[in-house]
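Asks: I would like to see how this sequence folds:
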Amino acid sequence: MPPTTLTELLAAALRRDPAGPLFTFYDDRTGERVELSSSTLDNWVAKTANLLTDGAGLGPGDHATVLLPAHWQTAAVLLGCWAAGLTVATEGAVADVTFAAADRVVESLDTGAADVYLLSLAPLGARLREVPAGTQDYAVEVPGYGDHFPGGRVTPATPALAAAGQETGHAAAVAAATTRAAELGLGPGDRLLVVESPRVGVLDWLLAPLAGGASVVLVRGADPASLPRRAADERVTATLGTDIPGVRRAG
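Replies: Numbers count the residues shown, from 1 in each chain. This next block holds a predicted model:
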C-alpha cells in the first residue's frame with residue numbers, strides 16, 4: 001500500500017535502500033559535509049521521537065514549533081515530531097515544545113513552550129557554547145535516547161502541519177508531497193540538488209523527494225562556482241533553486 005503518513009515515507013526509503021545516501025548536506029560557509037543514509041536518519045528520528053515522548057511526555061494533540069532553516073538536523077527534528085504524533089508549525093506559535101536555531105532564542109521563548117531545544121547548526125551537530133536560561137541544548141539531550149521508536153502514534157488523520165490557523169493531516173501532507181514530487185519530475189533513483197533559500201520550503205527540500213523516492217543534496221550558503229563540480233561528484237540528476245549546465249532543472 002502507498003504511504004498514508006509522513007512516517008511511512010521514511011519507512012519506505014528505509015526499505016528501498018537502508019545504506020545508500022538519502023540526505024547529503026553541504027554548508028559552503030563552513031566547509032561542512034554530512035551524509036545520512038536512511039538508516040542513519042531513522043536513528044536520529046527515533047532519538048528525537050523518544051526525547052519528545054519519554055523526555056517531554058508529549059504525543060498526539062501536542063504542538064511543536066520548529067524555528068530552523070533547511071538543514072540535516074531539521075529533517076531529523078521534523079520527522080521525529082511527526083513520528084511522535086505532534087503537529088508542527090514552522091513559524092511563531094504557541095507550542096508545547098519548540099526547536100530553534102541558536103540565533104532565535106528570543107523568538108523561541110516567546111512560543112511559551114515548556115521545553116525549548118536549541119540547535120547550534122554548527123558542523124557535525126556540535127554543542128552550544130552557552131545554553132541560555134530557559135532552554136536546553138538538543139545536541140546534549142538527544143543522544144541519550146533510544147535508537148528505535150515503537151511508532152504507532154499516528155494515523156492518516158493525525159494533524160501533521162499547522163499554518164494560519166489551519167491544520168493538515170498526515171494523509172493530506174503525503175498527498176501534497178506526492179503531487180509536488182510529480183511536478184518536480186522526481187522518481188526512484190533521482191538525486192535532487194537543492195540550494196537553500198527562503199523560497200524553498202520543507203515540501204520541496206524534504207517531503208517531495210521522500211514521496212518520489214529520490215535522495216537530496218542540500219546546499220546551504222551555496223558557492224555558485226562549486227555547484228557544477230558538486231553536481232558531478234554527487235551524481236545529481238535534477239536541481240532546485242539553481243541552474244547547472246547539463247543537469248535538468250526540477251519542475
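Asks: need the strands for the stretch 1-150 of the chain, in chain order.
Replies: Taking DSSP state E, counting those that start in this stretch as the criterion, the stretch 1-150 of the chain carries its strands at 21-27, 32-37, 63-67, 87-89, 97-101, 115-119, 136-137.
Asks: which residues of the stretch 51-200 of the chain score low on pLDDT?
Replies: The model of the stretch 51-200 of the chain has no residue with pLDDT under 70.
Asks: in space, what's closest to the residue nearest the centre of the chain - neighbours in sequence excluded?
Replies: Taking Cα atoms, centre = their mean, the centroid of the chain lies closest to Ala75, which sits 1.6 Å from it. In this structure, Ala75 finds its nearest non-sequential neighbour in Leu206, 5.5 Å apart by Cβ to Cβ, 6 or more residues apart in numbering. For the C-beta atoms, the positions are set from N, CA and C on the backbone; glycine is no exception.
Asks: contact partners for that neighbour?
Replies: 70, 75, 78, 216 (Cβ atoms under 8 Å, 6 or more residues apart in numbering).
Asks: run a quick neighbour tally on Leu41.
Replies: Leu41 has 20 neighbouring residues, counting by other Cβ atoms under 10 Å.
Asks: what about it, distance to Ser215?
Replies: For Leu41, the distance to Ser215 equals 11 Å [Cβ to Cβ, to the nearest Å].
Asks: so what's in contact with the two at the same time?
Replies: 22-23.
Asks: so which strand or helix has Ala208?
Replies: Per DSSP states H and E, Ala208 falls inside helix 208-212.
Asks: distance from the chain centre to the following helix or strand past that helix, please.
Replies: Per DSSP H and E, the first helix or strand lying C-terminal to helix 208-212 is strand 215-220. Distance of strand 215-220 from its chain centroid, counting by Cα atoms, centre = their mean, to the nearest Å, is 11 Å.
Asks: counting contacts, what elements does the helix or strand immediately after strand 215-220 in the chain pack onto?
Replies: Once strand 215-220 ends, the next helix or strand along the chain (criterion: DSSP H and E) is helix 227-233. Contacts defined by 3 or more Cβ pairs under 8 Å, 6 or more residues apart in numbering; DSSP states H and E place helix 227-233 against strand 191-195, strand 215-220.
Asks: residues contacting helix 227-233, please?
Replies: With Cβ under 8 Å, 6+ apart, helix 227-233 has contacts from 26, 193, 195, 217, 219, 236, 239, 242, 244-245, 247.
Asks: cool, stretch 174-187 as well?
Replies: Applying Cβ under 8 Å, 6+ apart, the set of residues contacting stretch 174-187 is 2-6, 8-9, 156, 168, 192, 203-204, 207-214, 238, 240, 248, 250-251.
Asks: just the buried residues of it, please?
Replies: Within stretch 174-187, the residues scored as buried using 16 or more other Cβ atoms under 10 Å are 174-178, 180-181, 184-186.
Asks: got CSV for those, with distance to Gly85 and secondary structure too?
Replies: Shown next, in CSV, are the buried residues of stretch 174-187 (distance: Cβ to Cβ, whole Å; DSSP: H, G, I helix; E, B strand; the rest coil):
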residue, distance to Gly85, secondary structure
Val174, 15, helix
Ala175, 19, helix
Ala176, 19, helix
Ala177, 18, helix
Thr178, 21, helix
Arg180, 23, helix
Ala181, 24, helix
Leu184, 28, helix
Gly185, 32, coil
Leu186, 27, coil
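Asks: turn those residues into TSV, including distance to Ser120.
Replies: Below are the buried residues of stretch 174-187 laid out as TSV (distance: Cβ to Cβ, whole Å):
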residue	distance to Ser120
Val174	31
Ala175	35
Ala176	31
Ala177	29
Thr178	34
Arg180	30
Ala181	32
Leu184	31
Gly185	35
Leu186	31
